[in-house]
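Participant: sequence unknown, structure follows:
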């Protein structure tokens, strides 16, 4: 507990990190308590009225309304929920899979290692967004589907990092000692190696949450992401893009600003985490 | 050296083969393109006839074997949608896409490296703060969002730039006509911003690390001019990790052209691939992915060769 306190106070010594932290907390709270903080449930058809459509920002609707007469402010808070949920869930899954693959591949070597490396090679010869796009275009929209798609394209980055750390650590004396003592493989893997790979993985995960949220938003913008019934910030922006040319800018610009601030907040936290956890580590 | 090239070629061949197999399989499982190509009231006979002409009437392995046979003659099959060789369909649209990617990367490097160096040299001063703030914002804005804001500003509000199309093309590029350049400005800016921000970050962190090294202090002690220390001794040693990332990012750029081309209705491969996936046009999807993978391999190869020029100590194995 004392450790955690010391770490947190050191972490937030940086003003940038503090700003990022407060912003992120704000968005998380807004997303979690969206039903309590919004004047309407934007997806409950009994609460929205068509005669309110395309109202500019004003006193009754702070950030204006869209073509359905839906309050943009409420839609943004509900959209934040979807965006954060997809970003965090897909990051957790890809981190777990990548950790497992990287540990096994680096520790055991041999044909398992070769197979995992080949797979990673093939995947890395394509941009992640392209693979995710193909998966989603063929599979159809859906929140769980997009989490799976982002996990499929993201685990490689963790596996690669973990494997390279394991290869370095494996040569060190404490691992040799553990082997000489006759420790079992899973004890060495989880008891000895895992704690050492954790800090680079945590740094990577923070950056990748931002990337996962952008990826989801981009796919939703292209129309192959989350369904219209559970829109994310990306869906809202895409929805507003269609009416941008007729001058109804608020429908897409406000969700866009929130998305941008969310990513900035996560990146600020990620930068600070990298500074604190591995000061010498490069990109 | 020859050994290195042959090894690479063999490895590339295996990767491409694997990619073709995986894509072929996924597209085979994805559905029946005949249903999409024929009108809904087509007769059973028409369906069977169509399936036969497109070569879709065998089992998966028979179809894949047919594909490999064609491949050995340099064919990638005929597009279901356009009725032309898939390779031609993709290659025709490739210049438009490469034009965007190359120009974006060119500007990102041209502006990004000096700004990154400047931020590293002015560590702790206001110059660093401004540059790094810009860079952080740059990596945090989704590509499609930049594109939208540009359209809102320059097409909708001020009406000074066209929001779609490629304009007048001379030779293979829009960059040689005034009309073409007007069409290029927004898509290229969209693609440049993210890469620019990333290159600034990488150059800054790389330079900071290099500038704290012994040999830099030694060079200072010898009384060498600051610009010589920064550019000859400092930047040269930052370039190697930077080039790897730039190489990888070029591939990312090609993917981001999918988004940019969709927004600006740019007639390149990005729009093509979206249409091809939606219409289950397997030959075009396979051809596109193989070409993208080839470009990736070619870039990595060039980066490896460039290493040996920048740092003669590196030997290719």
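Facilitator: That came through fine. Keep in mind it's a predicted model, so treat the numbers as computed, not measured.
Participant: pLDDT weak spots in the chain?
Facilitator: This is for chain A. Along chain A, the parts satisfying pLDDT under 70 run over A:1, A:278-283.
Participant: nope, chain B please
Facilitator: B:314-317.
Participant: where do the helices of the stretch 151-283 of chain A begin and end?
Facilitator: Taking DSSP state H, counting those that start in this stretch to define them, one finds helices in the stretch 151-283 of chain A at A:173-180, A:185-186, A:194-221, A:233-241, A:250-277.
Participant: among those helices, which is nearest residue B:179?
Facilitator: Nearest of the helices of the stretch 151-283 of chain A to residue B:179, taken as C-beta to C-beta: helix A:233-241 at 25.1 Å. Where you see a C-beta, it was placed from the backbone N, CA and C, and this is true even at glycine.
Participant: circling back: so which of the helices of the stretch 151-283 of chain A is the most packed in?
Facilitator: helix A:233-241 (a mean of 26; mean count of other C-beta atoms under 10 Å in any protein chain shown).
Participant: chain B contacts on chain A?
Facilitator: A:118, A:121-122, A:125-130, A:133-134, A:137-138, A:210, A:214, A:217-218, A:221-222, A:234, A:237, A:241, A:244-245, A:247, A:249, A:252-253, A:256, A:259-260, A:263-264, A:267-268, A:271, A:282-283 (C-beta under 8 Å from any C-beta of the partner chain).
Participant: and with 7 Å instead?
Facilitator: A:121-122, A:125-127, A:129-130, A:133-134, A:137-138, A:214, A:217-218, A:221-222, A:237, A:241, A:244-245, A:247, A:249, A:252, A:256, A:259-260, A:263-264, A:267, A:282-283 (C-beta under 7 Å from any C-beta of the partner chain).
Participant: in the stretch 51-200 of chain B, which spans are helices?
Facilitator: Using DSSP H, counting those that start in this stretch, helices in the stretch 51-200 of chain B cover B:60-72, B:86-121, B:126-140, B:143-150, B:178-211.
Participant: any chance of those in CSV with mean neighbour count and distance to chain A as columns?
Facilitator: Below are those laid out as CSV (neighbours: other C-beta atoms under 10 Å in any protein chain shown; distance: least, C-beta to the nearest C-beta, whole Å):
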stretch, mean neighbour count, distance to chain A
helix B:60-72, 13, 16
helix B:86-121, 20, 11
helix B:126-140, 17, 4
helix B:143-150, 23, 5
helix B:178-211, 22, 6
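Participant: if I pick whatever residue of the stretch 1-150 of chain A ends up closest to chain B, what's in contact with it?
Facilitator: Residue of the stretch 1-150 of chain A nearest chain B, by C-beta to the nearest C-beta: residue A:127 (3.2 Å). Going by C-beta atoms under 7 Å, 6 or more residues apart in numbering or on different chains, residue A:127 touches B:251-252, B:254-255.
Participant: for it, give me phi and psi.
Facilitator: Residue A:127 has phi and psi values of phi -60, psi 140 when expressed as degrees, to the nearest 10.
Participant: can you check residue A:76 too?
Facilitator: Dihedral angles (degrees, to the nearest 10) for residue A:76: phi -70, psi -50.
Participant: that one: how many residues sit nearby?
Facilitator: Number of residues near residue A:76 (other C-beta atoms under 10 Å in any protein chain shown) recorded here: 23.
Participant: I'd say it and residue A:253 touch.
Facilitator: No - using C-beta atoms under 7 Å, residue A:76 is not in contact with residue A:253; the gap is 11.1 Å.
Participant: related to what we said a few turns ago, turn the helices of the stretch 151-283 of chain A into TSV, columns for distance to residue B:245.
Facilitator: Output for the helices of the stretch 151-283 of chain A, formatted as TSV (distance: least, C-beta to C-beta, whole Å):
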stretch	distance to residue B:245
helix A:173-180	31
helix A:185-186	35
helix A:194-221	14
helix A:233-241	26
helix A:250-277	16
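Participant: residues in contact with residue 156?
Facilitator: I'll assume chain A. A:120, A:123-124.
Participant: hm, I was asking about chain B
Facilitator: A:244-245, A:247.
Participant: roughly how far does it sit from residue A:224?
Facilitator: Remark: distance between residue B:156 and residue A:224 (C-beta to C-beta, to the nearest Å) = 26 Å.
Participant: ok, so of the contacts of residue A:127, who is nearest chain A?
Facilitator: residue B:255 (3.2 Å).
Participant: my guess is the closest one is in a helix, correct?
Facilitator: Yes - counting by DSSP: H, G, I helix; E, B strand; the rest coil, residue B:255 is part of a helix.
Participant: how about it, nearest residue that isn't a chain neighbour?
Facilitator: Closest residue to residue B:255 apart from its sequence neighbours, by C-beta to C-beta, 6 or more residues apart in numbering or on different chains: residue A:127 at 3.2 Å.
Participant: and the one you found, how far from residue A:67?
Facilitator: 33 Å.
Participant: against residue A:208, how distant is the closest residue to residue A:97 other than its chain neighbours?
Facilitator: Computed as C-beta to C-beta, 6+ apart, the closest residue to residue A:97 that is not its neighbour in sequence is residue A:155, at 4.2 Å. Distance, residue A:155 to residue A:208, using C-beta to C-beta: 10 Å.
Participant: sorry, back to before: so which of the helices of the stretch 151-283 of chain A gets nearest residue B:28?
Facilitator: helix A:194-221 (23.3 Å).
Participant: what's the span of stretch A:226-241, first residue to last?
Facilitator: 17 Å (C-alpha to C-alpha, to the nearest Å).
Participant: buried set for stretch A:45-59?
Facilitator: A:48, A:52, A:54-55 (16 or more other C-beta atoms under 10 Å in any protein chain shown).
Participant: contacts only, for the residue nearest the centre of chain A.
Facilitator: Centrality entry for chain A: nearest residue to the mean C-alpha point is residue A:209, 2.4 Å, by C-alpha atoms, centre = their mean. When contacts are counted by C-beta under 7 Å, 6+ apart, residue A:209 touches A:87-88, A:91, A:266.
Participant: surely residue B:296 touches residue A:122?
Facilitator: No - using C-beta under 7 Å, residue B:296 is not in contact with residue A:122, being 10.7 Å away.
Participant: so between these two, which is more surrounded?
Facilitator: Between residue B:296 and residue A:122, counted using other C-beta under 10 Å, residue B:296 has the larger neighbour count: 21 against 17.
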